[in-house]
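Colleague: 3D, please:
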Amino acid sequence: MLASIQVELIKLKRSKIMLVMLAGPALVALLFFSLQASGANLRAWPLYFFAGLTAWATFMLPLTATIIATLLAQLEHGPKTWAHLLALPVPKWRVFAAKAIVALGLIALMSLLTGGLLAFGGWLAGALNPENKLMDPAPFAALAETMMDDDDQMFGGMDVMLMVREWKRVVAERLAYVYLSSFLLIAVQLWAAFRFRNFLIPMALGVGGGFFAIFAQASEYGLYFPWLMPFNTLGFMPENVEKALAFGLVGGIGMSLLMLVDMSRMQIK
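Modeller: Numbers count the residues shown, from 1 in each chain. Next up is the predicted model:
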């Protein structure tokens with residue numbers, strides 16, 4: 001398996017996938033740096049991070065996952081090398097599993113890069129103009145706890161503790177949740193990209209899914225929509241966090257196994 005993964009990484013050196021990997025997080029960080037630097041002060045680090053993670057989970061993550069899945073498949077569809085690749089003396093499922101692992105690894109790195117660039121952008125905005133410096137609310141935790149009871153909520157339904165003492169842990173936790181809950185979305189995009197030689201089909205699926213996700217947020221069935229699961233783990237509706245995480249992670253693993261079985265049986269020319 002390690003050899004198959006290394007082969008995929010070598011192929012990527014000749015593709016533009018690394019540019020996609022850098023561009024997605026950079027665009028999110030640049031947007032919120034620009035907003036903060038221009039005076040749209042989000043005041044506190046937790047607000048700044050959760051605003052950035054919302055953009056990442058809702059728009060940029062689904063889009064970049066679609067592009068990465070499509071590019072990984074087009075490495076073989078384009079030059080028509082599937083027949084040669086699947087004729088090698090290795091199990092067919094290993095070829096597709098290696099590509100899936102590479103996709104998950106790239107998106108994990110992109111998630112970490114998004115968090116790091118958001119932090120750098122917030123710091124830089126404050127360094128350029130002290131009036132835009134973001135506040136660390138942790139020192140005010142005791143005061144906030146005395147002023148608010150258990151029923152008080154802030155920022156679209158997130159508990160006030162996200163804004164004070166444990167905000168760093170919560171931000172890191174929710175960034176991990178967003179990534180893990182995207183497994184189902186990634187599996188769906190990979191399956192479509194492997195199945196269809198025409199790259200427009202998986203791209204249309206990804207763009208269309210992201211578009212309909214905007215309207216599905218208000219639906220009672222939106223929780224089960226793969227493109228919405230990363231957003232639902234951010235905690236705007238606390239009762240949906242664990243459900244979205246479970247559906248995205250377990251569903252993604254299950255969908256990946258089904259994909260490996262299907263693609264191993266399929267004759268690709």
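Colleague: what about the helices in this structure?
Modeller: 2-12, 17-37, 45-55, 61-77, 82-86, 92-128, 141-147, 167-180, 183-195, 200-216, 229-232, 241-265 (DSSP state H).
Colleague: Determine the set of other helices and strands touching the second one.
Modeller: Looking back up the chat, that one is helix 17-37. Applying 3 or more Cβ pairs under 8 Å, 6 or more residues apart in numbering; DSSP states H and E, one finds that helix 17-37 makes contact with helix 45-55, helix 61-77, helix 92-128. Every residue, glycine included, has its C-beta placed from N, CA and C.
Colleague: With respect to Leu2, which of these lies nearest?
Modeller: Nearest of the helices and strands packed on helix 17-37 to Leu2, taken as Cβ to Cβ: helix 92-128 at 9.0 Å.
Colleague: Packing partners of the closest one?
Modeller: Contacts defined by 3+ Cβ pairs under 8 Å, 6+ apart place helix 92-128 against helix 2-12, helix 17-37, helix 45-55, helix 61-77, helix 82-86, helix 167-180, helix 183-195, helix 241-265.
Colleague: worst average pLDDT in the helices of the chain?
Modeller: The stretch with the lowest mean pLDDT among those is helix 141-147, at a mean of 53.
Colleague: circling back to that earlier point, dump the helices and strands packed on helix 17-37 into CSV; add distance to Leu22 as well.
Modeller: Shown next, in CSV, are the helices and strands packed on helix 17-37 (distance: least, Cβ to Cβ, whole Å):
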stretch, distance to Leu22
helix 45-55, 16
helix 61-77, 10
helix 92-128, 7
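Colleague: how about TSV for the ones you listed, with mean neighbour count and distance to Lys13 added?
Modeller: Compiled in TSV, the helices and strands packed on helix 17-37 are given as follows (neighbours: other Cβ atoms under 10 Å; distance: least, Cβ to Cβ, whole Å):
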stretch	mean neighbour count	distance to Lys13
helix 45-55	23	30
helix 61-77	23	11
helix 92-128	19	12
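Colleague: before we move on, the earlier item: for the helices of the chain, please prepare TSV with the additional fields distance to Leu134.
Modeller: Formatted as TSV, these follow (distance: least, Cβ to Cβ, whole Å):
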stretch	distance to Leu134
helix 2-12	36
helix 17-37	7
helix 45-55	5
helix 61-77	23
helix 82-86	49
helix 92-128	5
helix 141-147	16
helix 167-180	11
helix 183-195	30
helix 200-216	28
helix 229-232	23
helix 241-265	25
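Colleague: re earlier: out of the helices and strands packed on helix 17-37, flag the one nearest Met135.
Modeller: Nearest of the helices and strands packed on helix 17-37 (Cβ to Cβ): helix 45-55, 7.0 Å.
Colleague: hmm, back to that, which of the helices and strands packed on helix 92-128 sits most buried?
Modeller: A comparison of the helices and strands packed on helix 92-128 by mean neighbour count, using mean count of other Cβ atoms under 10 Å, puts helix 183-195 on top with a mean of 25.
Colleague: Just list the residues touching the most centrally placed residue in the chain, thanks.
Modeller: What sits nearest the mean C-alpha location of the chain, by Cα atoms, centre = their mean, is Leu61, with 3.9 Å. Neighbour list for Leu61: Gly24, Ile107, Met110, Ser111, Val178, Ser182, Pro230 [criterion: Cβ atoms under 8 Å, 6 or more residues apart in numbering].
Colleague: re the thing from before, could you point out which of the helices and strands packed on helix 17-37 sits nearest Ser4?
Modeller: helix 92-128 (3.7 Å).
Colleague: How far away from the center of its chain is that closest one?
Modeller: Relative to the chain's own centre, helix 92-128 is displaced by 8 Å; criterion: Cα atoms, centre = their mean, to the nearest Å.
Colleague: and Gly222, which of the helices of the chain is closest to it?
Modeller: helix 200-216 (4.1 Å).
Colleague: Output the closest one as CSV, restricted to C-alpha atoms.
Modeller: Output in CSV follows, covering the C-alpha atoms of helix 200-216 (Å, rounded to 0.1, in the frame of the first residue of the first chain):
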residue,chain,number,x,y,z
LEU,A,200,-17.6,17.5,-16.1
ILE,A,201,-19.8,14.9,-14.4
PRO,A,202,-18.0,14.9,-11.0
MET,A,203,-17.4,18.6,-11.3
ALA,A,204,-21.1,19.2,-11.9
LEU,A,205,-22.0,16.9,-9.0
GLY,A,206,-19.7,18.8,-6.6
VAL,A,207,-20.8,22.3,-7.7
GLY,A,208,-24.5,21.3,-7.8
GLY,A,209,-24.2,19.7,-4.4
GLY,A,210,-22.7,22.8,-2.9
PHE,A,211,-25.4,25.0,-4.5
PHE,A,212,-28.3,22.9,-3.2
ALA,A,213,-26.6,22.8,0.2
ILE,A,214,-27.4,26.5,0.6
PHE,A,215,-31.1,25.8,0.3
ALA,A,216,-30.9,22.5,2.2
